[in-house]
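Asks: Structural data only, the sequence is not supplied:
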């Protein structure tokens, strides 16, 4: 008798739990999190530091306050470190901000395939949600030139950037690690190739064009260094991230952007394979995608929000470098993503050889 | 060698603790744990990733860029060593020749930069050496053409030599302060010109210090990472930067390991070749 009663009771309880679970499965809304839902939990967010991660932390403040989670910041993102964590089965990075390509190259290996029922991706611009990633923000790589050096005859395109006969002067290129696909495609065009039908042999052709810029070419290692090069006037033409270009100009660098074919790039938000609490990571991602969070991020960094409802209030110096205006959208150049994902390693290897002076 | 080696009087056997070996045990355990074990792992990974075999080594010697950079690493380190010897020798000599108060100042001048992080010192060199930097501004103000210093091998050598200078001065000083300066006077009283006295008496006696300092500087220079990365350009990339790319960007830990092993073995071979020369000079110096 006693036994049946206990069984009956547990059955009712199980039903109740199921019902709550079903109730909890309601559609997530970007930017929202349940009050106190992550109390006592800790999440580690990994990104690239500087003004960027400060802005991201500010964007996540509301999420932290509401959910009660303890948020730790770490960085910079290094895929090798993440690989070590995944291999040893001790993953301490819960949400990771990466470059453009890694989530596609290591999807399912280092980064979880995302369950889109746990995220509200309805406000993300089209075509930006990957199998293993959602965008972290949009930005650009832009050609900045020294106004005093080129005066009335400024460079207008990447073709001018690679033309040292018509535009003499020192060039500065992103040497922070991975090659920038878009830049190599622009170089390939100079060599007469077609980026749309790119082959592995074309990588060499493109790199040759970069090499021909000569021994004075500067390969900057960090965004801060590129900024320093502009502010001190070391380079005459610089390939720069828009946020850093904005800050350099704000700090008095006499440089101007040539927007034609600015390279469209984005950072990615990912959840590594093997995190301790996947749902907590999803909650952070979902909060990050919210309208308000994205507004805060844009206001602090000049990077373009990835929530189409976001209306950041920015001053003129920042808005000059926003890349989501209709005009900029028309001028942007998108890299041949399909080519770079499978050829990431080989491109990286050839690029490193260039970096090492070969 | 034997002439200089301290002879330890035989200790009566009182127990295992009194033996020098037992006393070095903590250091040995530490070395095994933090140097030996990781080194072994690196060697193993260089032979086992992605599969067992010597493919990583074949790759290393098959890619021209690696050989160029390996050679460059040794050339830059050699230049740094030479610059350090040339700068440190007179300085260390001066330290032995002056009075105690001036010596204190000289020692502090060596040690204070030594206590400042290498990164900070390298960044200061960036400010000094860059095209719009202090040195070039002064040159232009004086009516000269500016010269390119940053992102060249010269710039890297200057920066590295400054960072490594204390490692040359200190061993040199410790040897030089043991040289009896009256020997020089004795040589001169026997008719030697000062230069002759220096080259036949003082220099040989100070050589052990030069060797000790040179070996420390050379080996430290081989593994330099920050300074060449910040002061150098593509044409002054050193092997450590390539290792970093393989390990952190390409996730090729086997290849990175192989590069490390090649650098280590090449260094050992060079030292083994240099050792007999040094030993004979050392012995000579000891005899005099």
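Replies: Noted; the coordinates are in hand. Quick caveat, the model's predicted, so the values are computed rather than measured. Numbers count the residues shown, from 1 in each chain, chains lettered A, B, ... in the order given.
Asks: Flag every residue of the stretch 1-150 of chain B that's near chain A.
Replies: Taking Cβ under 8 Å from any Cβ of the partner chain, the part of the stretch 1-150 of chain B that reaches chain A is made up of B:63, B:64, B:65, B:68, B:69, B:72, B:130, B:131, B:132, B:133, B:148. For glycine as for every other residue, the C-beta is placed from the backbone atoms N, C-alpha and C.
Asks: export these to JSON lines and tack on secondary structure?
Replies: As requested, the residues of the stretch 1-150 of chain B next to chain A are exported to JSON lines (DSSP: H, G, I helix; E, B strand; the rest coil):
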{"residue": "B:63", "secondary structure": "coil"}
{"residue": "B:64", "secondary structure": "helix"}
{"residue": "B:65", "secondary structure": "helix"}
{"residue": "B:68", "secondary structure": "helix"}
{"residue": "B:69", "secondary structure": "helix"}
{"residue": "B:72", "secondary structure": "helix"}
{"residue": "B:130", "secondary structure": "coil"}
{"residue": "B:131", "secondary structure": "coil"}
{"residue": "B:132", "secondary structure": "coil"}
{"residue": "B:133", "secondary structure": "coil"}
{"residue": "B:148", "secondary structure": "coil"}
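Asks: Just name the shakiest helix or strand of chain A by mean pLDDT.
Replies: Confidence across the helices and strands of chain A bottoms out at helix A:2-24, with a mean of 57, counting by mean pLDDT, DSSP states H and E.
Asks: Chain B now?
Replies: Every helix and strand of chain B was ranked by mean pLDDT, DSSP H and E. The lowest is helix B:253-287, at a mean of 83.
Asks: now that one, how far from the chain's geometric center?
Replies: In this view, helix B:253-287 has its centroid 12 Å away from the chain centroid, taken as Cα atoms, centre = their mean, to the nearest Å.
Asks: what's it packed up against?
Replies: helix B:37-48, helix B:55-62, helix B:64-97, helix B:203-222, helix B:239-244 (3 or more Cβ pairs under 8 Å, 6 or more residues apart in numbering or on different chains; DSSP states H and E).
Asks: Residue A:294 contacts residue A:303, doesn't it?
Replies: No - assessed by Cβ atoms under 8 Å, residue A:294 is found out of contact with residue A:303, at 9.6 Å.
Asks: Which of those two has more residues huddled nearby?
Replies: residue A:303 (30 against 27; other Cβ atoms under 10 Å in any protein chain shown).
Asks: which bits of the stretch 101-250 of chain A sit near chain B?
Replies: A:170, A:177, A:178, A:215, A:216, A:217, A:218, A:219, A:221, A:232, A:233, A:234.
Asks: returning to what we had before: joint contacts of residue A:294 and residue A:303?
Replies: Residues touching both residue A:294 and residue A:303 by Cβ atoms under 8 Å, 6 or more residues apart in numbering or on different chains: residue A:137.
Asks: May I ask which two of the residues of the stretch 1-150 of chain B next to chain A are separated the most?
Replies: Largest separation among those by Cβ to Cβ: B:63 and B:132, giving 36.2 Å.
Asks: Name the helix or strand for the spatially closest residue to residue A:308 that is not a sequence neighbour, please.
Replies: If the residues on either side of it in the chain are set aside, residue A:308 comes closest to residue A:123, at 5.0 Å by Cβ to Cβ, 6 or more residues apart in numbering or on different chains. Here residue A:123, judged by DSSP states H and E, is contained in no helix and no strand.
Asks: For residue A:123, give me its contacts.
Replies: By Cβ under 8 Å, 6+ apart, the neighbours of residue A:123 are A:30, A:289, A:291, A:306, A:307, A:308, A:309.
Asks: run the last query once more with 10 Å
Replies: Contact partners of residue A:123, counting by Cβ atoms under 10 Å, 6 or more residues apart in numbering or on different chains, are A:29-31, A:289-291, A:294, A:305-310.
Asks: Can I get those in JSON lines including secondary structure and distance to residue A:92?
Replies: Putting those into JSON lines (DSSP: H, G, I helix; E, B strand; the rest coil; distance: Cβ to Cβ, whole Å) gives the following:
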{"residue": "A:29", "secondary structure": "coil", "distance to residue A:92": "29"}
{"residue": "A:30", "secondary structure": "coil", "distance to residue A:92": "26"}
{"residue": "A:31", "secondary structure": "coil", "distance to residue A:92": "26"}
{"residue": "A:289", "secondary structure": "coil", "distance to residue A:92": "23"}
{"residue": "A:290", "secondary structure": "coil", "distance to residue A:92": "25"}
{"residue": "A:291", "secondary structure": "helix", "distance to residue A:92": "30"}
{"residue": "A:294", "secondary structure": "helix", "distance to residue A:92": "27"}
{"residue": "A:305", "secondary structure": "coil", "distance to residue A:92": "29"}
{"residue": "A:306", "secondary structure": "coil", "distance to residue A:92": "26"}
{"residue": "A:307", "secondary structure": "coil", "distance to residue A:92": "28"}
{"residue": "A:308", "secondary structure": "coil", "distance to residue A:92": "33"}
{"residue": "A:309", "secondary structure": "coil", "distance to residue A:92": "33"}
{"residue": "A:310", "secondary structure": "coil", "distance to residue A:92": "31"}
